[in-house]
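Participant: Give the three-dimensional model of this entry:
(2 chains)
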Protein chains: 2
Amino acid sequence: MQLHELYSSLAIRNDNKILVFVIDGLGGMSHKDYGYKTELEYANHPNLDRLASQGTTGMLTPVLPGVTPGSGPAHLGLFGLDPISFNIGRGVLEALGIGLIPGPTDVLARGNFCTVDREGVIIDRRAGRIPTEICEQRLAVLRNIHVPQADIELYAVQDHRFVLRLKGTDLDGDVENTDPGAVGAKPKPARPRIPRAETTASIVNSFLDQAFVRLKEHSTANALVLRGFSMLPSIPSFHELYGLRSAALAIYPMYKGLARMVGMDVLDCGKTISDQLQTLKTHWESYDYFFIHYKYTDSCGEDGDFLSKVNHIETLDSSIDSLVRLDPAVLAITGDHSTPAGLKAHSWHPVPLLLLSPTCRRDGSTAFTETVCARGALGNLESKYLMGLLLGHALRLEKFGA
Amino acid sequence: MQLHELYSSLAIRNDNKILVFVIDGLGGMSHKDYGYKTELEYANHPNLDRLASQGTTGMLTPVLPGVTPGSGPAHLGLFGLDPISFNIGRGVLEALGIGLIPGPTDVLARGNFCTVDREGVIIDRRAGRIPTEICEQRLAVLRNIHVPQADIELYAVQDHRFVLRLKGTDLDGDVENTDPGAVGAKPKPARPRIPRAETTASIVNSFLDQAFVRLKEHSTANALVLRGFSMLPSIPSFHELYGLRSAALAIYPMYKGLARMVGMDVLDCGKTISDQLQTLKTHWESYDYFFIHYKYTDSCGEDGDFLSKVNHIETLDSSIDSLVRLDPAVLAITGDHSTPAGLKAHSWHPVPLLLLSPTCRRDGSTAFTETVCARGALGNLESKYLMGLLLGHALRLEKFGA
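Facilitator: Prediction:
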């Protein structure tokens, strides 16, 4: 039995509300330029600290020790799904990131324009990162390619990147990348990994043959490669699993898409944390579980901008009380993963977790920081256990065994 | 390989004794009426605190984060068996609770008298909680029902509740409840979940047909429903697994039954903790492993009586030194699960653990409380790992690999 099946088998319904505030990339790393503090340790956040002293803290390990998660696995974990069992392909994630909702029989791939020489050998894997509008122009001439057995849709993402969607009835995503992964080689044909994917591979190859002819006239961005062929994984919804009416308040498309994947209603919530909080209040009575996603901490981490990340933490600290005033049965404040400014990237470091509930054991935490939470009473848990804790504290799990 | 098989494969024999003191429902929850302390934090227990400072502490999670265990799974965990793999059915547990020892081919079910109207529709699922003596009278007229292929035994439990035991050679417990779970419906016939349980279901139905005829004349408690059909799981004994001669000192039948399930000798140990300690001394030389069970902390928790739970903790604190004076190689003091007075029920909260042994690493714990143990050096472990720790500290596990 998988973890979510165990939790699902015990789930009962009541009126207790669960509110999960995900501060993207929350965790940091000791930074030598700032007294070896992390962003969260350097920032001033009296409200978070006060909540820590009233609740229980701990750490979440997104996947396993040392493993840096992408946004997909990181959120699946927070949603109670084992991120190793439920794999979201790159194609699907790229689609979610631009607001596309893949149908259950679609195959998605992430596309890159690249530049090849006269022999078709790749000399620039990213085609000089052409502007998005050039990408859009190239896609325009590829859109009227027709192949039997599938409709092909193409969506520009950014620079040289785009999404390819195949719509058909007999498709399978188990197809190898056509990207050879290095300059000096030609784009590869699509090859099926399993017999069921043969049709899909042949559709892709028929598309590629025609595409290469149409792109030939250009000196740059005159070929393309495809990676991460994938289909939407079959994921049970929060409602099926736990009887939770759930809603997401996310600003960026990818997080909306991830929430939709587990059956959350995606609420239109504006562009700022204030907009999100206003939307939360408006819909408070209509749902049992709310997922609020705050993006900017991650973006600053990715930019290596320690102080901006600090500022964003301080800004959201002043919004925390509005969450508390809604009086959820359980409030969890955490991140999907760490994004230390010192690494300019997602990292494997565990993420601080703060749980506030009348059913909490106050554990004497004095602040909401990595160091304090690492000694919190919840210990260091894989993120996938958070869902059980939330349901438990909301008294939404019945006793296991007699 | 399951965990107990790994430990078993490494087990060696020596003279080191292991003593496990299980304080039922030990863990609590911050209680707002008592300065947000738990029962264990509020209580005065200088002896436990002293032992904590001489040993190592940690927390046990009975099953998994957020999951509240029944007594069965909670004890299986403490006995080193994965409570998810080894499931004890409700019928078996109810039987153990009244001191019945199911044979390996018996099927047990938990029975309830209920009240039905003239059409046989349930109008009171608990038959007004009839006194146990009425339950006993109803059972008396059902005891001479005969069905082919099995002997039927009926035992009153309390109020409207009883145990049904089927004795036969070809029985299987994989039968659905006959309880429709709500008023307004008729009791259902027994249905097999697997082909092997068809005989059992037909035996049960033949019993039910005759029982309904005999109960018809009454205006209340004039029907019955059966739940939790189950057989004793096939559980290896402590002696087979670890070469441990083991004994249980429990006062309540259910814990005696659970101990017997893993092959412990159940010692006659009176009614109080003093009686238990006396029995322990008497049998000290005859066993390698002792399980002492203290019930009243759980009962007070279930009653929501914070201060009585505090009192019981203080009372048993004064008995702790008698355990230490026996000089076991390993003394573990913990609970099977938490029962916070604030919840009046078992809960999912981890349980404090104190381990005292000459092989311990003293971890600087200053008290035996949830807050201190949550920061103890053993960390937060699933209960099933306790058995390995006990054997390890008793030098009863040989090296794994070369």
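Participant: what ranges do the strands span in the stretch 51-200 of chain A?
Facilitator: A:56-61, A:107-116, A:122-124, A:151-158, A:161-167 (DSSP state E, counting those that start in this stretch).
Participant: among those strands, which is nearest chain B?
Facilitator: strand A:56-61 (8.7 Å; CB to the nearest CB). Glycine gets a C-beta too; all of them are placed from N, C-alpha and C.
Participant: tell me which residues in that closest one are buried?
Facilitator: A:Thr56, A:Thr57, A:Gly58, A:Met59, A:Leu60, A:Thr61 (16 or more other CB atoms under 10 Å in any protein chain shown).
Participant: which ones are touching the closest residue to the fourth one other than its chain neighbours?
Facilitator: Distances taken as CB to CB, 6 or more residues apart in numbering or on different chains put A:Pro350 closest to A:Met59, at 3.9 Å, once the chain neighbours are dropped. With contact taken as CB atoms under 8 Å, 6 or more residues apart in numbering or on different chains, A:Pro350 is in contact with A:Gly27, A:Met59, A:Leu60, A:Thr61, A:Pro62, A:Ser338, A:Glu370, A:Ala374, A:Asn380.
Participant: let's go with 7 Å and repeat that
Facilitator: Taking CB atoms under 7 Å, 6 or more residues apart in numbering or on different chains as the criterion, A:Pro350 is in contact with A:Gly27, A:Met59, A:Leu60, A:Thr61, A:Asn380.
Participant: so what are the domain limits for chain A?
Facilitator: With domains defined by automatic domain parsing, chain A comprises A:3-87+A:236-393, A:94-230.
Participant: which stretches of the stretch 51-200 of chain A form helices?
Facilitator: Secondary structure of the stretch 51-200 of chain A by DSSP state H, counting those that start in this stretch: the helices cover A:71-78, A:90-97, A:132-142, A:198-215.
Participant: re the thing from before, format the domains of chain A as a markdown table; extra columns: mean pLDDT and distance to B:Thr272.
Facilitator: Listed next are these as a markdown table, based on pLDDT from 0 to 100; distance: least, CB to CB, whole Å:
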| stretch | mean pLDDT | distance to B:Thr272 |
| --- | --- | --- |
| domain A:3-87+A:236-393 | 97 | 30 |
| domain A:94-230 | 95 | 63 |
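Participant: which of the ones you listed sits most buried?
Facilitator: Ranked by mean neighbour count, the domains of chain A are led by domain A:3-87+A:236-393 with a mean of 21 (mean count of other CB atoms under 10 Å in any protein chain shown).
Participant: Skipping adjacent residues, who's closest to A:Ser85 in space?
Facilitator: Going by CB to CB, 6+ apart, A:Ser85 has A:Gln2 as its nearest residue, at 6.4 Å.
Participant: Which of the three states applies to A:Asp336?
Facilitator: coil (DSSP: H, G, I helix; E, B strand; the rest coil).
Participant: Spell out which parts of the stretch 1-150 of chain A neighbour chain B.
Facilitator: A:Met1, A:Leu6, A:Leu10 (CB under 7 Å from any CB of the partner chain).
Participant: so which of those residues comes closest to B:Ile23?
Facilitator: A:Leu10 (25.1 Å; CB to CB).
Participant: my read: that closest one touches A:Glu398, true?
Facilitator: Yes - using CB atoms under 7 Å, A:Leu10 is in contact with A:Glu398, at 5.3 Å.
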